[in-house]
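S.K.: After the sequence you'll find the predicted model.
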Amino acid sequence: MAADSSDIVYRVAQLQEDFRALSVMVTGPEAATATAASMELRIFGELLAIGRRLLELFFLTRAASRPAVPVAADGTPLSACHRRPTTYLSVFGKITFQRHRFFAPGQAGVSPLDEALSLPERCYSPLLRDWAGHEVVDVAYDLSVRTLERILGLNLAKSALETLVQEDARDVDAFYAQKPVPAAAEEGPILVVQADGAGVRLVGTEPSERTGHQTSKRETVVTTIYSIQRHVRTPQAVAEALLHDASQDKKPALRLVRPAPIGKETRATLDGKAAAFARLHERVQRRDRAHIQERMALTDGAEAYQERMATTFPNFTLVLDILHVLTYLWAAAQALHGGWPSRACRAYVRCQLEALLAGQTQTVIDDMAAKATAARLPSYRQKAVDDAIRYFTNHASSMHYDLYLARGWPIASGVIEGACKHVVRGRMDRSGMKWARPGAHAMLQLRTVRLNDDWDDYQRFHRQREHLRLYGASSLPDLAEAQALALAA
């Protein structure tokens, strides 16, 4: 004990000298000629080194006292005791310290300090895992490794980061199962659900019969739920906003200011549409309360998703995304007016779009068919017109835009399109990327946590669950940690 106490006293004195030297560095002769950039970098390096010594001192202080003799589950006292080392890889570097470990014949060893400190099962510190995970869900593993090495001086293996992502994603489903829904006073009167899909290349165990490669694309199903305030618009105002040319000098008043989604929650899964819609249905049940006045399902024209929406949410009104409608309208207009969008082509699109937004879908279909017949289009141009007519005809029941606009409903699926782009394509579907299914699933889970702005809440929840798994005892929230995070923000 005396040796431990003297070592701690010595380390405290050394740290005091380190802080004094750091003060001299920023005020003494060296500071007179240093640039801001060089001094900032020097200070950061010194603070990392001091942080490591401080954390090491913390562990030594906690490990100095011998804990009370623990008791095994069957009541056997674990009276034999030795000092055993453990390693903790923190954001400041690797730290190894000795702590008391208790034994008894036929019983597993126990280190009470491990539970008291809530040490992780593996050496990587929760803060390091948090920072590394926050980085790696946005950029490739190789780039994340280089970033951590450049900033913190840590040389982590890519395989270690891949394992950490899978381990740190294990509680995402449980987190969202217990996450409270927004208070009724915070919600909007319109409840909106959306769903879309995007492909991820998975490494398979058997070569594909079609390509011979051991990879195949698996659909990631992305779902979103949110409420929103009403936003009544005219067909003319919406058409102006959709066709606005940023290169022209338009008055700002013509641009629509849309209300933001409230309580937006996005999830993604590789488990298929049935699992994705079952989870979305559960969230709808929790949020569809007395304050919700209207319900809508906003989709593109994918038949599989529309059928799922209609089956899963029979009391929701199906609304076809206007942006997909506009894509077909542009293609038909260019076919009718020959090639690139001319002034006549743009005028036609504007006129027909306003008609669609006014609820005149059949009028637009009839006009397209008549113009195509009169123009006697070649087959390759006729196809674009036929595709648009077929699309509008098949989805006419979900194109009552005059009613939707009068009710103040959203009619563009930008939320889910953006979610698919960010969650899947922005990280999972980059050139050359191939994923094993467990790694892809974990990455999707953590990316949705970050997209939903739930990262810090999830990390605290995950650490509590990890503590329960490792030590089998409940623990109160770390108030000091929560206060530190609040101050850091």
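M.R.: Perfect, I can see it now.

S.K.: contacts and neighbour counts: CA atoms only from here.
M.R.: Fine.

S.K.: Name the SS class of residue 193, please.
M.R.: On the three-state scheme (DSSP: H, G, I helix; E, B strand; the rest coil), residue 193 is labelled strand.

S.K.: Quick check: it touching residue 226?
M.R.: Yes: between residue 193 and residue 226 a contact is recorded at 6.7 Å, counting by Cα atoms under 8 Å.

S.K.: More neighbours: which of those two?
M.R.: In terms of neighbours (other Cα atoms under 10 Å), residue 193 is the more surrounded of residue 193 and residue 226; the figures are 26 against 23.

S.K.: Might you report the residue contacts of the more buried one?
M.R.: By Cα atoms under 8 Å, 6 or more residues apart in numbering, the residues touching residue 193 are 223, 224, 225, 226, 296, 297, 298.

S.K.: Tell me what it is bridged to.
M.R.: For residue 193, the beta-bridge partners are residue 225, residue 297 (DSSP bridges).

S.K.: start at 770 instead
M.R.: Sure, I'll start counting at 770 from here, so that last one is residue 962.

S.K.: follow-up on the earlier one: buried among the contacts of residue 962? Make that a PyMOL selection.
M.R.: With 16 or more other Cα atoms under 10 Å as the burial test, the buried ones among the contacts of residue 962 are selected in PyMOL as follows:
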select buried, resi 992+993+994+995+1065+1066+1067
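
S.K.: Give me the distance between the strand or helix carrying residue 1076 and the centre of its chain.
M.R.: Per DSSP states H and E, residue 1076 falls inside helix 1072-1081. Centroid displacement of helix 1072-1081 relative to its chain, using Cα atoms, centre = their mean, to the nearest Å, is 25 Å.

S.K.: which other helices and strands contact it?
M.R.: For helix 1072-1081, the elements it packs on are helix 1042-1056, strand 1063-1068, strand 1086-1089, judged by 3 or more Cα pairs under 8 Å, 6 or more residues apart in numbering; DSSP states H and E.

S.K.: Is it possible to get JSON lines of the ones you listed that adds distance to residue 868?
M.R.: What follows is these, written out as JSON lines (distance: least, Cα to Cα, whole Å):
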{"stretch": "helix 1042-1056", "distance to residue 868": "45"}
{"stretch": "strand 1063-1068", "distance to residue 868": "57"}
{"stretch": "strand 1086-1089", "distance to residue 868": "62"}
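
S.K.: Put together a markdown table for those, with mean pLDDT on each row.
M.R.: Converted to a markdown table, the helices and strands packed on helix 1072-1081 look like this (pLDDT from 0 to 100):
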| stretch | mean pLDDT |
| --- | --- |
| helix 1042-1056 | 96 |
| strand 1063-1068 | 96 |
| strand 1086-1089 | 97 |
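
S.K.: any idea how far residue 1041 lies from residue 861?
M.R.: Computed as Cα to Cα, to the nearest Å, the residue 1041 to residue 861 distance reads 42 Å.

S.K.: Run through the residues that contact residue 1219.
M.R.: residue 903.

S.K.: give me the element it is part of.
M.R.: Under DSSP H and E, the secondary-structure element containing residue 1219 is helix 1206-1220.

S.K.: So which bits of that helix are buried?
M.R.: Within helix 1206-1220, the residues scored as buried using 16+ other Cα under 10 Å are 1206, 1208-1220.

S.K.: Next: stretch 778-796.
M.R.: Buried residues in stretch 778-796, counted by 16+ other Cα under 10 Å: 780, 784, 787, 791, 794, 795.

S.K.: Quick one: distance of it to the chain centre.
M.R.: 42 Å.

S.K.: Give me the contact list for it.
M.R.: By Cα under 8 Å, 6+ apart, the surrounding residues in contact with stretch 778-796 are 800, 808, 812, 815, 819, 822, 823, 826.

S.K.: make it 10 Å
M.R.: 772-777, 797, 799-801, 803, 808-809, 811-812, 815-816, 818-820, 822-823, 825-826, 829 (Cα atoms under 10 Å, 6 or more residues apart in numbering).

S.K.: from those residues, which would you call buried?
M.R.: Here, 16+ other Cα under 10 Å leaves 777, 808, 812, 816, 819, 820, 822, 823, 825, 826, 829 buried among the contacts of stretch 778-796.

S.K.: In PDB, list the C-alpha atoms belonging to the helix holding residue 1076.
M.R.: The C-alpha atoms that make up helix 1072-1081 are tabulated as PDB, following Å, rounded to 0.1, in the frame of the first residue of the first chain:
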ATOM      1  CA  GLU A1072     -45.800  -1.100 -57.000                       C
ATOM      2  CA  ALA A1073     -44.300  -3.300 -54.200                       C
ATOM      3  CA  TYR A1074     -44.000  -0.400 -51.800                       C
ATOM      4  CA  GLN A1075     -47.400   1.000 -52.700                       C
ATOM      5  CA  GLU A1076     -49.000  -2.400 -52.100                       C
ATOM      6  CA  ARG A1077     -47.200  -2.700 -48.700                       C
ATOM      7  CA  MET A1078     -48.400   0.800 -47.700                       C
ATOM      8  CA  ALA A1079     -52.000   0.100 -48.700                       C
ATOM      9  CA  THR A1080     -52.000  -3.200 -46.800                       C
ATOM     10  CA  THR A1081     -50.200  -2.100 -43.700                       C
END
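
S.K.: Also compute the angle for that helix relative to strand 1063-1068, please.
M.R.: Between helix 1072-1081 and strand 1063-1068, the angle comes out at 160 degrees (axes from the mean of the first three to the mean of the last three Cα atoms, to 10 degrees).

S.K.: Name the residues of helix 1072-1081 that come out as buried.
M.R.: Residues 1074, 1075, 1078 are the ones in helix 1072-1081 that count as buried (16+ other Cα under 10 Å).

S.K.: did I read that right, residue 988 in a helix?
M.R.: No: counting by three-state DSSP, residue 988 is located in no helix; its state is strand.

S.K.: And the helices in the stretch 770-919 of the chain?
M.R.: For the stretch 770-919 of the chain, the helices defined by DSSP state H, counting those that start in this stretch cover 771-796, 798-802, 805-833, 881-886, 895-905, 910-921.

S.K.: and the third one, how far from the chain's centre?
M.R.: Put simply, helix 805-833 sits 32 Å off its chain's centre (Cα atoms, centre = their mean).

S.K.: avg pLDDT for it?
M.R.: Average pLDDT, helix 805-833: 96.

S.K.: what helices or strands is that helix leaning on?
M.R.: Packed against helix 805-833 by the contact rule (3 or more Cα pairs under 10 Å, 6 or more residues apart in numbering; DSSP states H and E) you find helix 771-796, helix 798-802, strand 849-859, strand 862-873, helix 881-886, helix 910-921.
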